[in-house]
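Student: coords below, sequence missing:
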């Protein structure tokens, strides 16, 4: 069974998952990503709308700093229903990516997409911690960003490395790709949330 994404001289190389037991373990552990997402975004669902309403003046000042911050603030969900719809949009993409990887782990596209989502999700926990430190107060999602995302992300990466599906180098490359897409992706999810749950 073929699978690992790596880059050498600008080209993508593939190596193999060595045994059926290792592949089965990968198929189990990849579901940690949506599980961690549900727990993390459950915290955001519970707290985000109220936090945004309580910090309107702060968000207004942030919006005045540039075009991208203005766009981000304008698309923030302001009700629990809007937050919920945005979460469902992201969860749908996560489950679709995992389903593709679970069925055909030898496909480079499925592995790349999953690894990009995993890297972006793991790295974004730092933004929660940074925002909390900057504001010196609780921000939505920070608790699970500390106690849920790092251990779950580490467990998935360890299994992917052990199975040879990823190397540290390819993990960094796919995470970087995911981070470049996370902002427009979240903007789209927030926009859909505001559109559907007005």
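Tutor: Cool, got the structure. Please read all numbers here as calculations on a predicted model, not as lab measurements. Numbers count the residues shown, from 1 in each chain.
Student: Could you verify my assumption that residue 148 touches residue 37?
Tutor: No. Applying C-beta atoms under 8 Å, one finds residue 148 not in contact with residue 37, separated by 9.3 Å. Every C-beta, even on glycine, is put in place using the N, C-alpha and C of the backbone.
Student: Pull up the overlap in contacts between the two.
Tutor: The contact sets of residue 148 and residue 37 do not overlap (C-beta atoms under 8 Å, 6 or more residues apart in numbering).
Student: residue ranges with poor pLDDT in this structure?
Tutor: 1-22, 106 (pLDDT under 70).
Student: in it, which residue is closest to the centre?
Tutor: With distances taken as C-alpha atoms, centre = their mean, residue 121 lies nearest the centre of the chain, 2.7 Å away.
Student: Let me know the helix or strand that it is in.
Tutor: helix 108-135 (DSSP states H and E).
Student: just the helices in the chain please.
Tutor: Counting by DSSP state H, the chain has helices at residues 20-29, 32-54, 56-63, 67-74, 80-103, 108-135, 142-147, 149-162, 168-196.
Student: Can you give me the buried ones in the last one?
Tutor: When burial is assessed from 16 or more other C-beta atoms under 10 Å, helix 168-196 yields the following buried residues: 170-171, 173-175, 177-178, 182, 185-187, 189-194.
Student: before we move on, what about the fourth one?
Tutor: Using 16+ other C-beta under 10 Å as the burial criterion, the residues of helix 67-74 that qualify are 72-73.
Student: How far off centre is that helix?
Tutor: The chain centre lies 20 Å from the centre of helix 67-74; the measure is C-alpha atoms, centre = their mean, to the nearest Å.
Student: got the angle between that helix and helix 168-196?
Tutor: 50 degrees (axes from the mean of the first three to the mean of the last three C-alpha atoms, to 10 degrees).
Student: what's in contact with helix 67-74?
Tutor: 59-60, 62-64, 183, 187.
Student: farthest pair in those residues?
Tutor: The distance between the two most remote of the contacts of helix 67-74 (C-beta to C-beta) is 20.1 Å, for 60 and 183.
Student: before we move on, back to that, surely the residue nearest to the centre of the chain touches residue 153?
Tutor: Yes. At 7.0 Å, residue 121 and residue 153 qualify as touching, with contact defined as C-beta under 8 Å.
Student: Give the residues shared as contacts by these two.
Tutor: Counting by C-beta under 8 Å, 6+ apart, the residues touching both residue 121 and residue 153 are 33, 36.
Student: List the buried residues for the helix holding residue 121?
Tutor: For helix 108-135, by 16+ other C-beta under 10 Å, it's 110-125, 128, 132.
Student: For the closest residue in space to residue 197 that isn't next to it in sequence, the count of nearby residues, please.
Tutor: Closest residue to residue 197 apart from its sequence neighbours, by C-beta to C-beta, 6 or more residues apart in numbering: residue 81 at 3.9 Å. Applying other C-beta atoms under 10 Å, we find 16 other residues in the vicinity of residue 81.
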